[in-house]
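> Predicted model follows, preceded by the sequence.
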Amino acid sequence: MQNNSFDFIIVGGGSSGCVLANRLSENSQYSVCLIEARPKDRSPWIHLPIGYAKTMWDPKLNWKFQTEPLRSFIVREVKPDNPQSNEEILEFCRNHGATIFHPTGTCQMGSDHDPMAVLDSSLRVRGVSGLRVVDCSAMPTLPSSNTNWSAVMLAERAADLILGKIKGP
Ligand SMILES: Cc1cc2nc3c(=O)[nH]c(=O)nc-3n(C[C@H](O)[C@H](O)[C@H](O)COP(=O)(O)OP(=O)(O)OC[C@H]3O[C@@H](n4cnc5c(N)ncnc54)[C@H](O)[C@@H]3O)c2cc1C
């Protein structure tokens, strides 16, 4: 990398990061650095809808953050209570299964009066200049839709805010 000075540095080339980089680099006046921890997405499984089931469990393609912190706290299975067969487990799933939502809001935006709002309503980190958070973690509540398009819309709006095309509240 020859140039070590950029107008914008984006950490994470996921759903929001890519949209934001794309919008901010539309105008060639700005230089944008997109930093992504993962290697290139060369695996064909990523591009096939059926690859979903495979990529979810592949440590090369998934950070797999989900289990380790809780594992040591699990003492016993509570529900279903001591199932005797796969059929009992399936029956439990049929009776208790529900739609899933995705986690969001770990550093949410909000008004100046909200003590839980790490970000202001323009996605700026309070107390740190020149730093914004633009991804699902900024969402103040869980959207009732799935989160990918919400992340994309958030990035679109953030690009407009950063470029001064709209004014923040
Ligand atoms: C299995 C699964 C299925 C899903 N299915 C759907 C669906 O059907 N519909 C839907 O709407 N949503 C779905 N989602 C949710 C959707 O993927 C997320 O809402 C969306 O990707 C969130 O976008 P994001 O930009 O917030 O984060 P991400 O897309 O997760 O982007 C974060 C990026 O940051 C990178 N990164 C992390 N740490 C660093 C670091 N230190 N330095 C550099 N880069 C870093 C990561 O590698 C990643 O590329 C699914 C999620 C999962 C896990």
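Sure, I can see it. None of these values were measured; they are calculated from a predicted model.
> what residues are up against the residue most central in space within the chain?
The centroid of the chain falls nearest to residue 136 when counting by Cα atoms, centre = their mean (4.3 Å). By Cβ atoms under 8 Å, 6 or more residues apart in numbering, the residues touching residue 136 are 16, 102, 103, 104, 105, 147, 150, 151, 154. C-betas here are computed from N, CA, C, even on glycine.
> So which bits of the lengthiest helix in the chain are buried?
In the chain, taking DSSP state H as the definition, the longest helix is helix 147-162. By 16 or more other Cβ atoms under 10 Å, the buried positions in helix 147-162 come out as 147, 150, 151, 154, 155, 156, 157, 158, 159, 161, 162.
> all strands of the chain, in order?
Secondary structure of the chain by DSSP state E: the strands cover 8-11, 32-35.
> Show me which residues of the protein sit near the ligand.
With Cβ under 6 Å from any ligand atom as the criterion, the chain meets the ligand at residues 11-17, 35-38, 56, 102, 135-136, 146-149, 151.
> re earlier: contacts for the longest helix of the chain?
Helix 147-162 is touched from outside by 8, 14-20, 23-24, 101-102, 104, 122-123, 132, 134-136, 138-139, 143, 165-168, with contacts defined as Cβ under 8 Å, 6+ apart.
> In the chain, what residue lies closest to the ligand?
residue 14 (1.6 Å; Cβ to the nearest ligand atom).
> Low-confidence bits of the chain, can you list those?
Residue ranges of the chain with pLDDT under 70: 1-3, 64-71, 99-101.
> got the residue ranges for the helices in the protein?
For the chain, the helices defined by DSSP H cover 15-24, 44-47, 52-55, 68-71, 86-96, 147-162.
> Before I go, just wanted to say thanks for your time.
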